[in-house]
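# Sharing a model prediction with you, sequence too.
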Amino acid sequence: MTAPPPTLVWFRRDLRLGDHPALCAAIARGGPVILVFIRDAQVDTLGAGPKWRLGLSLADLSRQLQARGSRLILRSGPVEDVLAALVRETGADAVHWTRGYDPGAIAAGTAVKTMLRADGIAADSHPGHLLHEPRTVKTGAGGCYRVYSPFWRAIRGRDVPAPMAEPGGIPPPDNWPDSDSLSDWRLGAAMGPGAAVCLPHQRVGEAAARARLDWFMDEAIAGYGEARDRMAEDGCSGLSQNLGLGEVSPRQCWHAALRALNEGAQGAESWLRQLAWREFAWHLLYHFPGLDLRNWREGWEEFPWSTDPDSAAVRRWKRGRTGVPLVDAAMRQMYVTGQMHNRARMIAASYLTKHMLVHWKVGLDWFAQCLTDWDPAANAMGWQWVAGCGPDASPYFRIFNPETQATKFDSSGAYRRRWIAEGQTAPPQTALGFFDAAPAAWGLRPDAPYPAAPMVGLAEGRARALAAYDARPR
């Protein structure tokens, strides 16, 4: 009998083996399975932090596969060209992949499906990055949701399929196609010395993600409702970097939280709502593909935001030198860990867009450059929500007061001391790490004096922002 031809699995932001519908479908066909990741234009345009973190995940997935007698084939170039070449080289008669929902991912998937099917190759995309397909979650009138609360009510009781088990084996081909070398891709080149500082704070790969999920369910989810806002505590799941790259699936997280809820964990409902908030961000980006490019609400085009990403004021914000300790601590945490506490993100974003009156796109682009847990949908919705021009941004004129926020959520000052070295006799390594991670061109030193006063006073900035909001045409 003739051996069945191979099936290709095109990996994207689904870098895991468990709960992987595309992989399971490929294995179910019965022939050899060849796994491929493609470095295309979307990968090349990633910021320094996200690109470096992607490289770490690819290395981990490669090790996983090698331990199971398989491989991850790496290729560079336009997705259509790469997959067409692999089909010719391997004799594959089918390609499977996980759907993406940002404009670039949708365009790539559509083009690949059209090309392959025209050549008689089976081409199938699968769910896996979200709990629900965005096109299937509709309002009573048949449209998409624009406000989170009714969206949450719509999906709260909706069935989420149970996660799929990891395959017992992945049938290899007789001959492997050529692969690029991951080291030659130099995905971490732009990180410089910051990579060594940031590395201990990354939980890389599927095993680390599942271990963290198990820890969170066992140790922290019960108190999550309150602990998630206390910035000095390890009260959050810490899974954003893993969800962003698909090292753990949202279905695995959802079902784990449901089990915790049924067992009486009070914070589980709050975490389910956060998973739904992530889902809402992707729902919006899918239906409004310009969410990361332009104001979501009408009437904001003339708002007097500064758009200069390299102004002296913006440079101080980027470098954690605004003179507002909570804002600066948040920015420094990002350089040391690649991540930022969620409440700190809102405070840093509010100070930029409201006290400083700088366009949210400046902040969005900087976070996209630095965050190792960068997620295009969450980043876009978060910045527009804080700025007031985005979905669910009511009241749009809300202005976070960093001093009030510090009193409520960092009352002991532990979070600020953890990340700001100046003024401490013996600053912790976390605070000193910022000076190792920051570009040398910034010329920062831990023994330099901290700014004596805020760059923009809190009362002054608030008054100016409110005046701008009041003057905005409606």
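Okay, I see it. Just so it is clear, the model here is predicted, and its values are computed rather than measured.
# Report the secondary structure state of the nearest residue to Ala448 once chain neighbours are set aside.
Spatial nearest neighbour of Ala448, chain neighbours left out: Glu422 (6.6 Å); criterion: Cβ to Cβ, 6 or more residues apart in numbering. Where C-beta positions appear, they are placed from N, C-alpha and C, glycine not excepted. The three-state assignment at Glu422 reads coil, by DSSP: H, G, I helix; E, B strand; the rest coil.
# swap in the one 3 residues further on?
Thr425 falls in the coil class when you classify it by three-state DSSP.
# With adjacent residues omitted, what lies nearest to the residue nearest to the spatial centre of the chain?
Nearest to the centroid of the C-alpha atoms of the chain, with distances taken as Cα atoms, centre = their mean, sits Asp375, at 2.6 Å. In this structure, Asp375 finds its nearest non-sequential neighbour in Gly244, 4.6 Å apart by Cβ to Cβ, 6+ apart.
# got the contact list for the one you found?
Arg13, Asp373, Trp374, Asp375 (Cβ atoms under 8 Å, 6 or more residues apart in numbering).
# for those, which one is nearest Trp277?
Comparing the contacts of Gly244 against Trp277 with Cβ to Cβ places Asp375 closest, at 11.3 Å.
# Tell me how far the closest one lies from Ser306.
The gap separating Asp375 from Ser306 is 26 Å, by Cβ to Cβ, to the nearest Å.
# Specify the residue ranges that define each domain of the protein.
Domain segmentation of the chain under automatic domain parsing yields 7-128, 130-159+195-287, 312-471.
# With mean pLDDT added, can I get these in CSV?
Output for these, formatted as CSV (pLDDT from 0 to 100):
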stretch, mean pLDDT
domain 7-128, 98
domain 130-159+195-287, 96
domain 312-471, 95
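# Which one, of the ones you listed, ends up nearest to Gly168?
Nearest to Gly168 among the domains of the chain is domain 7-128; the distance by Cβ to Cβ comes to 9.0 Å.
# Compute the first-to-last residue distance for the closest one.
End-to-end distance for domain 7-128: 19 Å, by Cα to Cα, to the nearest Å.
# Just give me how far that domain sits from the chain centre.
Computed by Cα atoms, centre = their mean, to the nearest Å, the chain-centroid distance of domain 7-128 equals 19 Å.
# Phe400 touches Arg345, doesn't it?
No: contact between Phe400 and Arg345 fails when scored by Cβ atoms under 8 Å: they sit 10.5 Å apart.
# returning to what we had before: I'd like the distance between the residue nearest to Asp375 and Arg278.
Counting by Cβ to Cβ, the gap from Gly244 to Arg278 is 10 Å.
# Need the residues touching each of these two.
Asp375.
# Need the residues that contact stretch 136-149.
Residues outside stretch 136-149 that contact it (Cβ under 8 Å, 6+ apart): 134, 150-151, 154-155, 158, 276-277, 280, 283-284, 287, 391-392.
# need the contact list for the residue nearest to the centre of the chain.
By Cβ under 8 Å, 6+ apart, the contact set of Asp375 is Ser240, Leu243, Gly244, Arg278, Ala281.
# The third one belongs to a helix?
By that I understand Gly244. Yes: Gly244 sits within a helix when classified using three-state DSSP.
# tally of neighbours for Gly264?
8 (other Cβ atoms under 10 Å).
# ah, wrong one, I meant Ala378
Ala378: 23 surrounding residues under other Cβ under 10 Å.
# I'd guessed it sits against Phe280; true?
No: Ala378 is not in contact with Phe280 according to Cβ under 8 Å; the separation is 9.6 Å.
# ok, and the most crowded of the contacts of stretch 136-149?
Ranking the contacts of stretch 136-149 using other Cβ under 10 Å puts His283 first, with 28 neighbours.
# What ranges does this structure have for its strands?
For the chain, applying DSSP state E gives strands covering 7-11, 33-39, 72-76, 94-98, 122-126.
# any idea how far the closest residue to Leu261 other than its chain neighbours is from Ile155?
Sequence neighbours aside, Ala268 is the residue nearest to Leu261 in space, at 3.8 Å (criterion: Cβ to Cβ, 6+ apart). To Ile155, Ala268 is 16 Å away according to Cβ to Cβ.
# With Lys408 instead?
Distance, Lys408 to Ile155, by Cβ to Cβ: 30 Å.
# where exactly do the helices run in the stretch 51-200 of the chain?
With helices called from DSSP state H, counting those that start in this stretch, the stretch 51-200 of the chain shows them at 79-90, 103-118, 148-156, 182-185, 194-198.
# got the buried residues for the first one?
Of the residues in helix 79-90, those buried by neighbour count under the rule 16 or more other Cβ atoms under 10 Å are Val79, Glu80, Val82, Leu83, Ala84, Leu86, Val87, Thr90.
# Over to the last one?
Across helix 194-198, burial judged by 16+ other Cβ under 10 Å covers Gly194, Ala195, Val197, Cys198.
# go on, the shortest one?
Applying a neighbour-count criterion of 16+ other Cβ under 10 Å, one finds Leu182, Trp185 buried in helix 182-185.
# Could you tell me the average pLDDT over it, please?
In this model, helix 182-185 carries a mean pLDDT of 98.
# right, and Arg61 touches Leu72 too?
Let me fix one detail, which is that residue 61 is Leu and not Arg. Yes: the pair Leu61 and Leu72 passes the contact test of Cβ under 8 Å, sitting 5.7 Å apart.
# These two: which is more packed in?
Each of Leu61 and Leu72 has its neighbours counted (other Cβ under 10 Å); Leu61 has more, 24 against 21.
# so what's the nearest residue to the more buried one once chain neighbours are set aside up against?
In this structure, Leu61 finds its nearest non-sequential neighbour in Leu15, 4.9 Å apart by Cβ to Cβ, 6+ apart. By Cβ under 8 Å, 6+ apart, the residues touching Leu15 are Ser57, Leu58, Asp60, Leu61, Gly205, Glu206, Leu245, Gly246, Glu247.
# Just among those, which is most surrounded?
Leu245 (28 neighbours).
# wait, that one sits on Arg13?
Yes: Leu245 lies in contact with Arg13 (Cβ under 8 Å); the separation is 5.7 Å.
# which residue ranges form the helices in the stretch 251-400 of the chain?
With DSSP H, counting those that start in this stretch as the criterion, the stretch 251-400 of the chain has helices spanning 268-287, 312-318, 325-337, 342-350, 360-370, 376-387.
# Would you mind measuring from the nearest residue to Met331 once chain neighbours are set aside to Met340?
Excluding its sequence neighbours, the residue lying closest to Met331 (Cβ to Cβ, 6+ apart) is Gly320, at 4.0 Å. Distance of Gly320 to Met340, computed by Cβ to Cβ: 11 Å.
# For these two, list the residues in contact with both.
Met331.
# Please report how far the residue found closest to Ala162 once you drop the neighbours it is linked to in the chain lies from Met217.
In space, and not counting its chain neighbours, Ala162 is closest to His255: 6.3 Å by Cβ to Cβ, 6+ apart. To Met217, His255 is 10 Å away according to Cβ to Cβ.
# Same check on Gly194?
Computed as Cβ to Cβ, the Gly194 to Met217 distance reads 32 Å.
# Same check on Gly49?
28 Å.
# Which one's more surrounded, those two?
Gly49 (27 against 20).
# Would you agree that one is in contact with Phe367?
No: in this structure Gly49 lies outside contact range of Phe367 using Cβ under 8 Å: 9.0 Å.
# Thanks a lot, see you next time.
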